[in-house]
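1. Here's a sequence, model it:
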Amino acid sequence: MTRLHLPKPELVASDVDGTLIDRDERVTPRTKAAVGAIVADGVPFVLATGRPPRWVHPVIDGLGFAPLCVCGNGAVVYDSAADRVLISRTLDVETLAWLADVAERALPGCGLATERVGESAHDAVTPQFVSTPQYEHAWLNPDDTAVARTEVIDTPAIKMLIRLVGARSGEMRAALAAEVGAAVDITYSTDNGLIELSAPGVTKASGLAAVAERLGVAAASAVAFGDMPNDVPMLSMVGHGVAMGNAHPEALAAADEVTETNSDDGVARVLERWWS
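-> Have a look, this model is predicted:
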């Protein structure tokens with residue numbers, strides 16, 4: 001459903017991959033201009049992504065300013081201007097060990113990885129991403145940090161990633177959810193055999209709610225953009241959720257509106273109703 005006469009949003013949040021940036025992972029000039037108009041008008045613009053803090057800086061460079069960021073599917077609130085982690089919610093070591101055992105039983109042959117966070121995006125004290133040798137990266141520019149299985153689960157993590165080459169992420173989520181129930185939050189941002197596990201209740205919606213509270217903005221006055229199942233909680237909690245034309249069916253079903261694809265400036269086309 002498309003609502004044509006919405007009031008001007010008091011907060012705008014956008015997913016990154018498949019949403020804000022195009023297929024070449026660039027912020028287009030049109031999108032940069034639309035976001036710049038928001039900022040010039042004094043309206044907060046927030047990145048809400050599955051990426052960890054250290055992976056948002058190319059997007060920030062493309063935007064030309066440093067926004068607050070919800071990272072790690074809601075587990076982290078990151079002040080990119082100050083390079084400071086404001087909030088982090090983690091899975092503890094005991095839970096990680098249990099999840100590793102359950103995942104390897106429910107999804108034979110899978111590889112495991114964990115994402116950690118320090119006080120900044122580039123905290124060198126603790127390796128921020130570690131994986132088992134069986135973990136095959138789903139991204140083009142992966143971290144190369146294979147370690148022993150014990151090292152993957154020996155430190156609290158903002159999320160655990162489970163990779164099973166050749167599988168469908170939705171099927172993986174269903175298989176693991178049958179084993180773990182509500183003990184963790186399970187989602188995915190690609191259907192290429194990768195699921196992401198966070199502490200219970202940690203989603204992009206919970207992360208954005210923390211940012212909105214910090215800014216003194218009601219979620220009902222916010223607009224959010226997304227394209228994958230990890231965006232569904234955020235699209236559902238804001239006043240107006242917008243799915244991209246290239247979105248996963250779950251995101252399409254959760255949205256109030258469907259815009260053009262990420263490579264056809266879908267985010268900018270909606271924002272230009274208020275800022276042009």
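
2. To what extent is Ala100 buried, counted in neighbours?
-> By other CB atoms under 10 Å, 20 other residues sit near Ala100. Just so you know, the C-beta spots here come from the backbone N, C-alpha and C atoms, and that holds for glycine as well.

3. which SS class is it?
-> helix (DSSP: H, G, I helix; E, B strand; the rest coil).

4. residue contacts, it?
-> Applying CB atoms under 8 Å, 6 or more residues apart in numbering to Ala100 gives the contacts Leu112, Arg149, Val152, Ile153, Met160.

5. so of those residues, which ones are in strands?
-> In this view, the contacts of Ala100 that belong to strands under DSSP state E are Leu112, Met160.

6. ok, so of the contacts of Ala100, who is nearest Val130?
-> Minimum distance to Val130 across these is 5.2 Å, recorded for Val152 (CB to CB).

7. so the closest one touches Ser131, yeah?
-> Yes - Val152 is within contact range of Ser131, at 6.5 Å (criterion: CB atoms under 8 Å).

8. which residues are common contacts for these two?
-> Joint contacts of Val152 and Ser131 (CB under 8 Å, 6+ apart) are Leu112, Ala113, Thr114.

9. now the chain, which segments are flagged as low pLDDT?
-> For the chain, residues meeting the criterion pLDDT under 70 lie at 1-4, 140-142, 144.

10. isn't Leu47 right up against Asp17?
-> No - counting by CB under 8 Å, Asp17 is not a contact partner of Leu47; they are 10.8 Å apart.

11. For those two, work out which one has more neighbours and name it.
-> Leu47 (23 against 19).

12. could you point out which element follows the strand or helix carrying that one?
-> Using DSSP states H and E, Leu47 sits in strand 45-48. Following strand 45-48 in sequence order, the next helix or strand is helix 57-63 (DSSP H and E).

13. Give the other helices and strands that whatever helix or strand Val85 lives in contacts.
-> Element membership for Val85, per DSSP H and E: strand 84-88. Where contact means 3 or more CB pairs under 8 Å, 6 or more residues apart in numbering; DSSP states H and E, strand 84-88 is packed against strand 76-79, helix 204-215.

14. among these, which is nearest Pro52?
-> Per CB to CB, nearest to Pro52 of the helices and strands packed on strand 84-88: strand 76-79, 7.3 Å.

15. quick revisit: what lines up beside the strand holding Leu47 in the sheet?
-> Neighbouring strands of strand 45-48 in its sheet, by DSSP bridges, are strand 11-14 (parallel), strand 68-71 (parallel).

16. will you turn those into TSV that also has distance to Ala247 and mean neighbour count?
-> Below are these laid out as TSV (distance: least, CB to CB, whole Å; neighbours: other CB atoms under 10 Å):
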stretch	distance to Ala247	mean neighbour count
strand 11-14	13	27
strand 68-71	19	28
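
17. how about those, which one is nearest Phe225?
-> Of the strands paired with strand 45-48, the one closest to Phe225 (CB to CB) turns out to be strand 11-14, at 4.4 Å.

18. Need the contact partners of the strand holding Val85.
-> Applying CB under 8 Å, 6+ apart, the set of residues contacting strand 84-88 from outside is 53, 75-79, 117-121, 158, 207, 210, 214.

19. wait, which of the contacts of Ala100 is closest to Pro7?
-> Looking across the contacts of Ala100 and measuring by CB to CB, the closest to Pro7 is Met160, at 40.0 Å.

20. Would you mind naming the residues that bridge with the closest one?
-> Beta-bridge partners of Met160, counted by DSSP bridges, are Thr114, Leu197.

21. Would you mark the buried spots in stretch 9-27?
-> Under the neighbour-count criterion of 16 or more other CB atoms under 10 Å, stretch 9-27 has 9-22, 27 buried.

22. ok, those vs Ala218, which is closest?
-> For the buried residues of stretch 9-27, the nearest to Ala218 is Glu10 (7.3 Å; CB to CB).

23. Isn't the closest one up against Asp41?
-> No - using CB under 8 Å, Glu10 makes no contact with Asp41, being 10.5 Å away.

24. Find the residues that touch each one of those two.
-> Joint contacts of Glu10 and Asp41 (CB under 8 Å, 6+ apart) do not exist.

25. what about the helices in the chain?
-> 29-40, 57-63, 93-106, 149-152, 169-180, 204-215, 232-237, 249-254, 266-271 (DSSP state H).

26. Fine by me, we can end here.
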